[in-house]
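Chemist: Sharing a model that was predicted from the sequence below.
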Amino acid sequence: MDRHMRIAATLCFLALSTTVYAADPFLGTWKLNPAKSKFHPGPAPQSMLVTWAGDAAGIKVQTEGVRADGRPLRETHTASYDGRERKTPGPWNFDAVINRQLSETEREDVFKKDGAIVGRSRLVVSRDGSQLTTTWDFGELRDVRVFDRQ
């Protein structure tokens, strides 16, 4: 293989690697923007910060903040956006979740209880990557939560 072919092959490999390993637009820290969010039935939390980080098991999502009544909010879960149903341990109002990747900037979580769908959340990162909007339809919950990238 001559020098030019090796350079071309290396450039093709680098371009393919960059595409395959492109940064996940969801990863990072997101702060709730209460002015752009809607909480139904409400009330809104006093604060909320969500951190998405890559993890060997998928994506670790950690939520911290202060609830409307002043109690601390701290939740952590791991999501794998592969479309497979997974059982979820713990005292939840659902016992399984399906995390789906709909596009590079759009995901969906489907929550199930005893085999029936009980709720959904849709997550969308803006084109410029500065905002994350989550839309919830779960029981009486009809929230639209807008987060700004930190």
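Modeler: Perfect, I can see it now. Keep in mind that what you see is a predicted model, and the values were worked out from it rather than measured.
Chemist: just checking, next helix/strand downstream of the helix or strand bottoming out on mean pLDDT in the chain?
Modeler: Taking mean pLDDT, DSSP states H and E as the measure, the helices and strands of the chain show their lowest mean at helix 3-20, namely a mean of 42. Once the chain leaves helix 3-20, the next helix or strand it forms, by DSSP states H and E, is strand 28-32.
Chemist: gap between that following strand and the chain center?
Modeler: Using CA atoms, centre = their mean, to the nearest Å, the mean C-alpha position of strand 28-32 is found 11 Å from that of the whole chain.
Chemist: Same check on stretch 80-94?
Modeler: The chain centroid and the centroid of stretch 80-94 are separated by 14 Å under CA atoms, centre = their mean.
Chemist: With stretch 139-150 instead?
Modeler: Stretch 139-150 has its average C-alpha position 11 Å from the chain's average C-alpha position, going by CA atoms, centre = their mean.
Chemist: Could you give me the buried positions within stretch 87-103?
Modeler: For stretch 87-103, the neighbour count (16 or more other CB atoms under 10 Å) marks Phe94, Ala96, Val97, Ile98, Asn99 as buried. For every residue, glycine as well, the C-beta is placed using N, CA and C.
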